[in-house]
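Chemist: sequence first, then the predicted structure, then my questions.
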Amino acid sequence: MSRISKRDHSRAFPIAIVCAAMVFALAGALDTAPESPMIWLQYPLFASLAWGLAKMRGTGDWRPAGTAAYIALSWSLGMAVELTLTVDGTGIGGVHRDTAASFILAQGDYLPLAAVFCLVHRYMTCGVVQVLWLAAGAALTEGLVFTDSLRAPVLALDIVAAVFTGAYLGAIYWIYLALPLGILGVPWAGRKRNVLVLLATGFAAAFAVRVFWGLVYAPAVSALFGLAPQ
């Protein structure tokens, strides 16, 4: 097998995941659950992710992303993702029913997660493909620990629902944790790492950020701004 075909094959799986996420999102549009008025934004975000994965630089010497540039891009894309979410249809944002409160609270998740992922990317010499696995580990904290979005179908042994839900969650995290690296010119592959190590590292990093959010950031910010309980 040639070098090019190996490289292209390595991108086939994540692009397939994004396609599955698109199918999940389109199926969700047929549901009667409350939706953000900006839900349509997820489709160009997924399309941009798929295009980016296909076009990212695959060769060249590894170099890290600039810290400020990565955090800024990750935050911007994260806020775009947040626009597509809602708690119960009364406001925009997936953290609180009120739009302003949701975006204030969300900063304690998106910004620390971007900073931690930038550090891990640099320390572990990760290319884009390694960060895809790190971000998948981060997504598991949301799906399995802090919500039941993935845990419920897994426990119900609903394999199809679990696969498509997992693909959707993973692709959402890839938009703001992995796509910025491609935009900044980080090569597709960095130092070879064990997939389980990458998943565990991403899980641990996101879990730590979310424990900080729950125990420190959210209570402090809620008291400071007088935010109503969720």
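Modeler: Perfect, I can see it now.
Chemist: longest helix of the chain?
Modeler: Counting by DSSP state H, the longest helix found in the chain is helix 3-29.
Chemist: tell me the buried residues in that one?
Modeler: In terms of neighbour count (16 or more other CB atoms under 10 Å), helix 3-29 has its buried residues at 11, 14, 17-18, 20-22, 24-25. Yep, even glycine has a C-beta here, placed from its N, CA and C like the rest.
Chemist: next helix or strand past it?
Modeler: Next along the chain after helix 3-29, taking DSSP states H and E as the criterion, comes helix 42-55.
Chemist: after that following helix, next one along is what?
Modeler: Criterion used, DSSP H and E; the element after helix 42-55 is helix 67-83.
Chemist: before we move on, back to that, any chance of the buried residues of helix 3-29 in a markdown table, with distance to Thr125 and pLDDT too?
Modeler: Below are the buried residues of helix 3-29 laid out as a markdown table (distance: CB to CB, whole Å; pLDDT from 0 to 100):
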| residue | distance to Thr125 | pLDDT |
| --- | --- | --- |
| Arg11 | 20 | 84 |
| Pro14 | 19 | 93 |
| Ile17 | 24 | 93 |
| Val18 | 25 | 94 |
| Ala20 | 29 | 93 |
| Ala21 | 28 | 93 |
| Met22 | 31 | 91 |
| Phe24 | 32 | 90 |
| Ala25 | 33 | 89 |
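Chemist: export those residues as JSON lines, with columns for distance to Ile175.
Modeler: Shown next, in JSON lines, are the buried residues of helix 3-29 (distance: CB to CB, whole Å):
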{"residue": "Arg11", "distance to Ile175": "16"}
{"residue": "Pro14", "distance to Ile175": "12"}
{"residue": "Ile17", "distance to Ile175": "12"}
{"residue": "Val18", "distance to Ile175": "9"}
{"residue": "Ala20", "distance to Ile175": "15"}
{"residue": "Ala21", "distance to Ile175": "10"}
{"residue": "Met22", "distance to Ile175": "12"}
{"residue": "Phe24", "distance to Ile175": "14"}
{"residue": "Ala25", "distance to Ile175": "12"}
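Chemist: name the nearest of these relative to Met56.
Modeler: Met56 lies nearest to Arg11 out of the buried residues of helix 3-29, by CB to CB, at 8.1 Å.
Chemist: tell me how far that closest one lies from Gly52.
Modeler: 10 Å (CB to CB, to the nearest Å).
Chemist: again with Glu35
Modeler: From Glu35 to Gly52 the distance is 25 Å (CB to CB).
Chemist: now His96
Modeler: His96 is 30 Å from Gly52, by CB to CB.
Chemist: quick one: which of Glu35 and Gly52 has more around it?
Modeler: A count of neighbours by other CB atoms under 10 Å puts Gly52 above the other of Glu35 and Gly52, at 19 against 15.
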